[in-house]
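Participant: just a sequence and a predicted model for now, questions to come.
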Amino acid sequence: MIARLQPIPRSGAPFEGRSLAGSTDLWFDEVFVRCGKALVTRKPLAECSSEEQSRLSLPRAPICDLVMDRPRIMGVLNVTPDSFSDGGDHSTLAAAVTRARQMAQDVDLLDIGGESTRPGADEVPEDDEIRRTSNAIAAIRDAGISTPISIDTRKARVAEAALDAGANMVNDVAAFTFDPELADLVAERDVPVCLMHAQGRPDTMQTDPRYNDVLFDVMDFLEERITYATNCGIARERIVTDPGIGFGKTLEHNVTLLRNLSLLHDLGLPILLGVSRKRFIGTIGQAAEAKDRVAGSLAIALHGVQNGAQILRVHDTYETRQAIRLQQAMTKREN
(Lines give C-alpha, C1' and ligand atoms only; values in the text may rest on other atoms or scores of the structure.)
Protein backbone atom coordinates (compact mmCIF):
# COMPACT_ATOMS: atom_id res chain seq x y z
CA MET A 1 0.00 0.00 0.00
CA ILE A 2 1.48 3.32 -1.06
CA ALA A 3 1.89 6.14 1.44
CA ARG A 4 -0.37 9.16 1.03
CA LEU A 5 0.21 12.70 2.19
CA GLN A 6 -2.36 14.61 4.21
CA PRO A 7 -1.64 18.33 4.52
CA ILE A 8 -2.45 19.89 7.88
CA PRO A 9 -4.43 23.04 7.01
CA ARG A 10 -3.92 26.30 8.84
CA SER A 11 -5.49 29.72 8.42
CA GLY A 12 -4.87 33.28 9.43
CA ALA A 13 -1.60 35.00 10.22
CA PRO A 14 1.23 34.34 9.95
CA PHE A 15 0.93 32.88 6.44
CA GLU A 16 3.83 30.41 6.37
CA GLY A 17 4.73 27.32 4.43
CA ARG A 18 2.79 27.06 1.17
CA SER A 19 -0.73 27.75 0.04
CA LEU A 20 -3.07 24.75 0.29
CA ALA A 21 -4.18 23.90 -3.27
CA GLY A 22 -3.86 27.54 -4.30
CA SER A 23 -6.14 28.85 -1.55
CA THR A 24 -5.90 32.54 -0.72
CA ASP A 25 -6.62 31.84 2.96
CA LEU A 26 -5.30 28.36 3.83
CA TRP A 27 -1.70 27.28 4.14
CA PHE A 28 0.27 24.33 5.49
CA ASP A 29 3.81 23.62 6.60
CA GLU A 30 3.39 20.03 7.81
CA VAL A 31 1.85 16.83 6.50
CA PHE A 32 0.75 13.50 7.91
CA VAL A 33 2.18 10.53 6.05
CA ARG A 34 -0.45 7.78 6.01
CA CYS A 35 -0.05 4.15 5.07
CA GLY A 36 -3.25 2.24 5.72
CA LYS A 37 -4.81 2.74 9.12
CA ALA A 38 -1.47 3.55 10.69
CA LEU A 39 -0.37 7.17 10.97
CA VAL A 40 3.23 6.65 9.92
CA THR A 41 4.66 10.04 10.76
CA ARG A 42 4.18 13.77 10.80
CA LYS A 43 6.83 15.68 8.93
CA PRO A 44 7.65 19.23 7.83
CA LEU A 45 6.69 20.25 4.32
CA ALA A 46 10.33 20.98 3.64
CA GLU A 47 11.07 17.25 3.84
CA CYS A 48 8.59 16.49 1.04
CA SER A 49 9.82 16.26 -2.54
CA SER A 50 9.23 19.16 -4.90
CA GLU A 51 6.67 17.05 -6.78
CA GLU A 52 4.79 16.29 -3.56
CA GLN A 53 4.82 19.94 -2.51
CA SER A 54 3.49 21.00 -5.90
CA ARG A 55 0.74 18.36 -5.89
CA LEU A 56 -0.57 19.64 -2.57
CA SER A 57 -0.05 23.35 -3.05
CA LEU A 58 -0.46 24.39 -6.69
CA PRO A 59 -3.72 26.13 -7.70
CA ARG A 60 -6.36 23.82 -9.16
CA ALA A 61 -7.59 24.50 -12.68
CA PRO A 62 -10.74 26.63 -13.03
CA ILE A 63 -14.05 24.76 -13.24
CA CYS A 64 -16.73 26.36 -15.46
CA ASP A 65 -14.42 29.42 -15.57
CA LEU A 66 -14.58 29.65 -11.77
CA VAL A 67 -11.19 30.11 -10.10
CA MET A 68 -10.69 27.50 -7.38
CA ASP A 69 -8.76 29.74 -4.97
CA ARG A 70 -11.72 30.05 -2.57
CA PRO A 71 -14.79 27.98 -1.67
CA ARG A 72 -17.51 27.91 -4.30
CA ILE A 73 -21.15 27.12 -3.57
CA MET A 74 -23.11 24.66 -5.68
CA GLY A 75 -26.85 24.95 -5.10
CA VAL A 76 -28.93 21.76 -5.18
CA LEU A 77 -32.02 21.89 -7.37
CA ASN A 78 -33.76 18.52 -7.55
CA VAL A 79 -36.60 18.33 -10.08
CA THR A 80 -37.78 15.03 -8.65
CA PRO A 81 -40.84 13.91 -6.70
CA ASP A 82 -38.86 11.77 -4.23
CA SER A 83 -35.48 13.27 -3.27
CA PHE A 84 -34.76 12.82 0.42
CA SER A 85 -34.73 16.52 1.31
CA ASP A 86 -36.59 18.56 -1.30
CA GLY A 87 -38.51 15.98 -3.32
CA GLY A 88 -41.50 17.57 -5.03
CA ASP A 89 -40.56 21.13 -4.05
CA HIS A 90 -39.38 22.06 -7.56
CA SER A 91 -41.10 19.51 -9.78
CA THR A 92 -42.85 22.13 -11.93
CA LEU A 93 -40.93 24.33 -14.35
CA ALA A 94 -42.20 27.51 -12.71
CA ALA A 95 -41.05 26.33 -9.27
CA ALA A 96 -37.67 25.25 -10.63
CA VAL A 97 -37.07 28.61 -12.31
CA THR A 98 -38.16 30.53 -9.21
CA ARG A 99 -35.78 28.55 -7.01
CA ALA A 100 -32.95 28.85 -9.53
CA ARG A 101 -33.39 32.63 -9.61
CA GLN A 102 -33.28 32.76 -5.81
CA MET A 103 -30.19 30.60 -5.57
CA ALA A 104 -28.37 32.46 -8.33
CA GLN A 105 -27.94 35.35 -5.90
CA ASP A 106 -25.82 33.20 -3.58
CA VAL A 107 -24.26 30.36 -5.58
CA ASP A 108 -21.52 29.88 -8.13
CA LEU A 109 -23.10 26.80 -9.73
CA LEU A 110 -26.49 25.10 -9.88
CA ASP A 111 -26.67 21.30 -9.69
CA ILE A 112 -29.83 19.94 -11.30
CA GLY A 113 -30.91 16.35 -10.81
CA GLY A 114 -33.85 14.33 -12.06
CA GLU A 115 -33.18 11.02 -10.31
CA SER A 116 -33.07 10.61 -6.56
CA THR A 117 -29.96 8.79 -5.37
CA ARG A 118 -31.05 8.68 -1.74
CA PRO A 119 -30.57 5.33 0.03
CA GLY A 120 -33.19 2.87 -1.22
CA ALA A 121 -34.13 4.87 -4.32
CA ASP A 122 -35.12 3.02 -7.47
CA GLU A 123 -33.66 3.82 -10.87
CA VAL A 124 -35.61 6.35 -12.95
CA PRO A 125 -36.24 5.58 -16.65
CA GLU A 126 -33.97 7.63 -18.90
CA ASP A 127 -36.80 9.32 -20.78
CA ASP A 128 -38.36 10.53 -17.51
CA GLU A 129 -35.03 11.84 -16.25
CA ILE A 130 -34.36 13.60 -19.57
CA ARG A 131 -37.77 15.24 -19.53
CA ARG A 132 -37.37 16.47 -15.97
CA THR A 133 -33.87 17.88 -16.29
CA SER A 134 -33.53 19.15 -19.85
CA ASN A 135 -36.86 20.99 -19.68
CA ALA A 136 -35.87 22.61 -16.38
CA ILE A 137 -32.44 23.64 -17.69
CA ALA A 138 -33.93 25.10 -20.87
CA ALA A 139 -36.49 27.04 -18.83
CA ILE A 140 -33.77 28.40 -16.54
CA ARG A 141 -31.73 29.56 -19.52
CA ASP A 142 -34.82 31.05 -21.18
CA ALA A 143 -35.39 33.02 -17.98
CA GLY A 144 -32.01 34.69 -18.47
CA ILE A 145 -30.23 32.91 -15.60
CA SER A 146 -26.61 32.48 -16.69
CA THR A 147 -25.17 30.73 -13.61
CA PRO A 148 -23.16 27.64 -14.62
CA ILE A 149 -25.25 24.46 -14.40
CA SER A 150 -24.11 20.97 -13.48
CA ILE A 151 -26.27 18.01 -14.50
CA ASP A 152 -26.44 15.42 -11.71
CA THR A 153 -26.79 12.13 -13.58
CA ARG A 154 -25.21 8.71 -14.11
CA LYS A 155 -26.46 8.39 -17.70
CA ALA A 156 -24.98 9.53 -20.99
CA ARG A 157 -28.29 10.25 -22.75
CA VAL A 158 -29.50 12.37 -19.84
CA ALA A 159 -26.23 14.32 -19.74
CA GLU A 160 -26.27 14.85 -23.50
CA ALA A 161 -29.78 16.31 -23.41
CA ALA A 162 -28.85 18.52 -20.45
CA LEU A 163 -25.71 19.84 -22.14
CA ASP A 164 -27.73 20.56 -25.26
CA ALA A 165 -30.23 22.48 -23.11
CA GLY A 166 -27.54 24.67 -21.55
CA ALA A 167 -25.72 22.72 -18.81
CA ASN A 168 -21.97 23.22 -18.44
CA MET A 169 -20.76 20.32 -16.29
CA VAL A 170 -21.52 16.69 -15.40
CA ASN A 171 -21.80 15.42 -11.82
CA ASP A 172 -21.68 11.61 -11.85
CA VAL A 173 -22.26 9.90 -8.50
CA ALA A 174 -21.15 6.62 -10.10
CA ALA A 175 -17.87 7.93 -11.57
CA PHE A 176 -18.58 6.27 -14.94
CA THR A 177 -19.19 2.82 -13.42
CA PHE A 178 -22.94 2.91 -14.22
CA ASP A 179 -22.74 4.10 -17.83
CA PRO A 180 -19.26 4.05 -19.40
CA GLU A 181 -20.61 5.93 -22.43
CA LEU A 182 -20.89 8.98 -20.20
CA ALA A 183 -17.09 9.21 -20.12
CA ASP A 184 -16.98 9.33 -23.92
CA LEU A 185 -19.58 12.10 -23.94
CA VAL A 186 -17.67 14.18 -21.38
CA ALA A 187 -14.48 13.76 -23.40
CA GLU A 188 -16.23 14.69 -26.65
CA ARG A 189 -17.87 17.79 -25.17
CA ASP A 190 -14.77 18.73 -23.16
CA VAL A 191 -16.77 19.70 -20.09
CA PRO A 192 -15.83 19.43 -16.40
CA VAL A 193 -16.94 16.32 -14.52
CA CYS A 194 -17.18 15.41 -10.85
CA LEU A 195 -16.26 11.81 -10.06
CA MET A 196 -17.76 10.60 -6.79
CA HIS A 197 -17.05 7.51 -4.73
CA ALA A 198 -20.00 5.26 -3.95
CA GLN A 199 -20.15 1.68 -2.76
CA GLY A 200 -23.05 -0.08 -4.44
CA ARG A 201 -26.10 1.50 -6.07
CA PRO A 202 -28.70 3.69 -4.37
CA ASP A 203 -31.23 0.90 -3.79
CA THR A 204 -28.70 -1.27 -1.92
CA MET A 205 -25.77 0.95 -0.92
CA GLN A 206 -26.71 1.26 2.75
CA THR A 207 -27.05 -2.50 3.22
CA ASP A 208 -24.11 -3.25 5.51
CA PRO A 209 -21.36 -1.22 3.76
CA ARG A 210 -17.86 -2.42 4.65
CA TYR A 211 -14.28 -1.31 3.92
CA ASN A 212 -10.80 -2.56 4.67
CA ASP A 213 -9.80 1.04 5.28
CA VAL A 214 -12.37 3.63 4.23
CA LEU A 215 -9.77 6.38 3.66
CA PHE A 216 -7.52 4.32 1.42
CA ASP A 217 -10.38 2.49 -0.29
CA VAL A 218 -11.99 5.79 -1.29
CA MET A 219 -8.66 7.29 -2.39
CA ASP A 220 -7.76 4.19 -4.42
CA PHE A 221 -11.18 4.18 -6.10
CA LEU A 222 -10.97 7.85 -7.03
CA GLU A 223 -7.44 7.48 -8.35
CA GLU A 224 -8.52 4.52 -10.49
CA ARG A 225 -11.51 6.43 -11.88
CA ILE A 226 -9.34 9.46 -12.62
CA THR A 227 -7.02 7.20 -14.62
CA TYR A 228 -10.01 5.69 -16.41
CA ALA A 229 -11.33 9.14 -17.25
CA THR A 230 -8.04 10.41 -18.61
CA ASN A 231 -7.62 7.22 -20.66
CA CYS A 232 -11.02 8.02 -22.20
CA GLY A 233 -9.68 11.38 -23.32
CA ILE A 234 -10.91 13.60 -20.48
CA ALA A 235 -8.36 16.26 -19.56
CA ARG A 236 -7.17 15.88 -15.97
CA GLU A 237 -7.77 19.57 -15.32
CA ARG A 238 -11.47 18.99 -16.07
CA ILE A 239 -11.90 16.54 -13.15
CA VAL A 240 -13.31 17.22 -9.68
CA THR A 241 -13.29 14.60 -6.89
CA ASP A 242 -15.97 13.81 -4.29
CA PRO A 243 -15.58 11.32 -1.38
CA GLY A 244 -19.30 10.50 -1.57
CA ILE A 245 -20.40 11.14 1.99
CA GLY A 246 -23.47 8.99 2.72
CA PHE A 247 -23.13 6.82 -0.38
CA GLY A 248 -22.53 3.28 0.88
CA LYS A 249 -21.09 4.41 4.20
CA THR A 250 -21.93 4.11 7.88
CA LEU A 251 -21.89 7.04 10.26
CA GLU A 252 -18.38 6.02 11.33
CA HIS A 253 -17.20 5.89 7.71
CA ASN A 254 -18.63 9.36 7.05
CA VAL A 255 -17.03 10.88 10.13
CA THR A 256 -13.65 9.29 9.36
CA LEU A 257 -13.68 10.72 5.84
CA LEU A 258 -14.70 14.17 7.04
CA ARG A 259 -12.08 14.26 9.80
CA ASN A 260 -9.44 13.47 7.19
CA LEU A 261 -10.90 15.41 4.26
CA SER A 262 -7.59 17.15 3.53
CA LEU A 263 -6.16 13.77 2.47
CA LEU A 264 -8.02 14.18 -0.83
CA HIS A 265 -5.63 17.00 -1.76
CA ASP A 266 -3.07 14.25 -2.40
CA LEU A 267 -4.95 13.57 -5.65
CA GLY A 268 -4.02 17.06 -6.84
CA LEU A 269 -7.56 17.97 -7.98
CA PRO A 270 -10.45 20.09 -6.68
CA ILE A 271 -12.63 18.59 -3.95
CA LEU A 272 -16.43 18.74 -3.98
CA LEU A 273 -18.13 18.11 -0.64
CA GLY A 274 -21.81 17.17 -0.56
CA VAL A 275 -23.10 16.70 2.98
CA SER A 276 -26.11 19.00 3.09
CA ARG A 277 -28.99 17.71 5.25
CA LYS A 278 -27.74 14.12 5.14
CA ARG A 279 -28.87 11.44 7.57
CA PHE A 280 -25.68 11.28 9.62
CA ILE A 281 -26.14 14.96 10.49
CA GLY A 282 -29.59 14.14 11.83
CA THR A 283 -28.21 11.18 13.79
CA ILE A 284 -25.46 13.18 15.47
CA GLY A 285 -27.49 16.37 15.78
CA GLN A 286 -30.75 14.65 16.77
CA ALA A 287 -32.78 16.03 13.86
CA ALA A 288 -35.08 13.46 12.30
CA GLU A 289 -36.38 15.66 9.45
CA ALA A 290 -33.99 16.64 6.65
CA LYS A 291 -35.11 20.27 6.64
CA ASP A 292 -34.26 20.55 10.35
CA ARG A 293 -30.57 19.85 9.66
CA VAL A 294 -29.53 23.31 8.46
CA ALA A 295 -27.34 24.11 11.48
CA GLY A 296 -25.54 20.78 11.28
CA SER A 297 -25.09 21.18 7.53
CA LEU A 298 -23.49 24.58 8.07
CA ALA A 299 -21.12 23.15 10.68
CA ILE A 300 -19.88 20.49 8.28
CA ALA A 301 -19.70 22.98 5.39
CA LEU A 302 -17.42 25.25 7.42
CA HIS A 303 -15.33 22.22 8.37
CA GLY A 304 -15.03 21.53 4.65
CA VAL A 305 -13.91 25.10 3.97
CA GLN A 306 -11.29 24.87 6.71
CA ASN A 307 -9.93 21.72 5.06
CA GLY A 308 -9.73 23.28 1.63
CA ALA A 309 -12.82 21.89 -0.13
CA GLN A 310 -13.25 23.99 -3.26
CA ILE A 311 -16.94 23.27 -3.97
CA LEU A 312 -19.72 22.86 -1.41
CA ARG A 313 -22.93 21.24 -2.69
CA VAL A 314 -25.74 22.57 -0.48
CA HIS A 315 -29.50 23.08 -0.25
CA ASP A 316 -29.45 26.10 2.07
CA THR A 317 -27.55 28.46 -0.17
CA TYR A 318 -28.21 31.82 1.51
CA GLU A 319 -27.30 30.47 4.95
CA THR A 320 -24.15 28.81 3.62
CA ARG A 321 -22.98 31.95 1.85
CA GLN A 322 -23.49 34.00 5.01
CA ALA A 323 -21.64 31.46 7.17
CA ILE A 324 -18.67 31.31 4.79
CA ARG A 325 -18.42 35.09 4.65
CA LEU A 326 -18.27 35.28 8.43
CA GLN A 327 -15.72 32.51 8.69
CA GLN A 328 -13.50 34.11 6.07
CA ALA A 329 -13.68 37.45 7.84
CA MET A 330 -12.35 35.76 10.99
CA THR A 331 -9.57 33.84 9.24
CA LYS A 332 -8.61 36.25 6.45
CA ARG A 333 -4.96 36.25 5.53
CA GLU A 334 -3.12 39.32 6.79
CA ASN A 335 -0.31 40.59 4.61
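Facilitator: In hand now; what should we look at? Since we're looking at a predicted model, the values are computed, not measured.
Participant: surely residue 191 is in a strand?
Facilitator: No - using DSSP: H, G, I helix; E, B strand; the rest coil, the secondary structure at residue 191 is coil, not a strand.
Participant: now do the contacts for the residue nearest to it when sequence neighbours are not counted.
Facilitator: Among residues not flanking residue 191 along the chain, residue 169 sits closest, at 5.7 Å (Cβ to Cβ, 6 or more residues apart in numbering). Any C-beta I mention is one placed from the backbone N, CA and C, and that applies to glycine too. By Cβ atoms under 8 Å, 6 or more residues apart in numbering, residue 169 lies in contact with 63-64, 109, 148-151, 191-194.
Participant: chain center to the helix or strand residue 322 falls within: distance?
Facilitator: Using DSSP states H and E, residue 322 sits in helix 317-331. The chain centre lies 18 Å from the centre of helix 317-331; the measure is Cα atoms, centre = their mean, to the nearest Å.
Participant: same deal with stretch 42-49?
Facilitator: With Cα atoms, centre = their mean, you get 28 Å for stretch 42-49.
Participant: change the start of the numbering to 361 and stick with it
Facilitator: Noted, 361 is the first residue going forward, which turns the last one into stretch 402-409.
Participant: mean confidence for that stretch?
Facilitator: Mean pLDDT, computed over stretch 402-409, is 95.
Participant: hmm, who's touching that stretch?
Facilitator: Identification of contacts with stretch 402-409 by Cβ under 8 Å, 6+ apart yields 365, 367-368, 377-378, 388-393, 413, 416.
Participant: any idea how far residue 501 lies from residue 582?
Facilitator: Plainly put, residue 501 is 32 Å away from residue 582 if you go by Cβ to Cβ, to the nearest Å.
Participant: hang on, I meant residue 431
Facilitator: Distance from residue 431 to residue 582, by Cβ to Cβ: 20 Å.
Participant: out of those two, which sits in the busier spot?
Facilitator: Neighbour comparison, residue 431 and residue 582: the larger count goes to residue 431, with 25 against 22 (by other Cβ atoms under 10 Å).
Participant: not counting sequence-adjacent ones, nearest residue to the more buried one?
Facilitator: In space, and not counting its chain neighbours, residue 431 is closest to residue 665: 4.8 Å by Cβ to Cβ, 6+ apart.
Participant: surely the one you found meets residue 433?
Facilitator: No - if you go by Cβ atoms under 8 Å, residue 665 and residue 433 don't touch, sitting 10.3 Å apart.
Participant: what is in contact with those two at once?
Facilitator: By Cβ under 8 Å, 6+ apart, the residues touching both residue 665 and residue 433 are 672, 684.
Participant: compare those two (neighbour count), which wins?
Facilitator: Shown here are residue 665 and residue 433; by other Cβ under 10 Å, residue 665 has more neighbours (25 against 20).
Participant: want to throw the contacts of residue 529 into CSV with pLDDT, secondary structure and distance to residue 578?
Facilitator: Output for the contacts of residue 529, formatted as CSV (pLDDT from 0 to 100; DSSP: H, G, I helix; E, B strand; the rest coil; distance: Cβ to Cβ, whole Å):
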residue, pLDDT, secondary structure, distance to residue 578
423, 98, strand, 21
424, 98, coil, 25
469, 98, strand, 23
508, 98, coil, 26
509, 98, strand, 27
510, 98, strand, 21
511, 98, strand, 24
551, 98, coil, 24
552, 98, coil, 21
553, 98, strand, 18
554, 98, strand, 14
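Participant: run through this structure and note the low-pLDDT ranges.
Facilitator: 361, 398-399, 442-451, 478-481, 562-565, 567, 693-695 (pLDDT under 70).
Participant: center of it - which residue?
Facilitator: Centroid check for the chain by Cα atoms, centre = their mean gives residue 632 as the closest residue, at 2.3 Å.
Participant: helix or strand: which one has residue 459?
Facilitator: According to DSSP H and E, residue 459 maps onto helix 453-463.
Participant: next, the angle helix 677-691 makes with that helix.
Facilitator: Helix 453-463 and helix 677-691 meet at an angle of 10 degrees, taking axes from the mean of the first three to the mean of the last three Cα atoms, to 10 degrees as the criterion.
Participant: which elements pack onto helix 453-463?
Facilitator: The helices and strands touching helix 453-463, judged by 3 or more Cβ pairs under 8 Å, 6 or more residues apart in numbering; DSSP states H and E, are strand 432-438, strand 469-473, helix 486-502.
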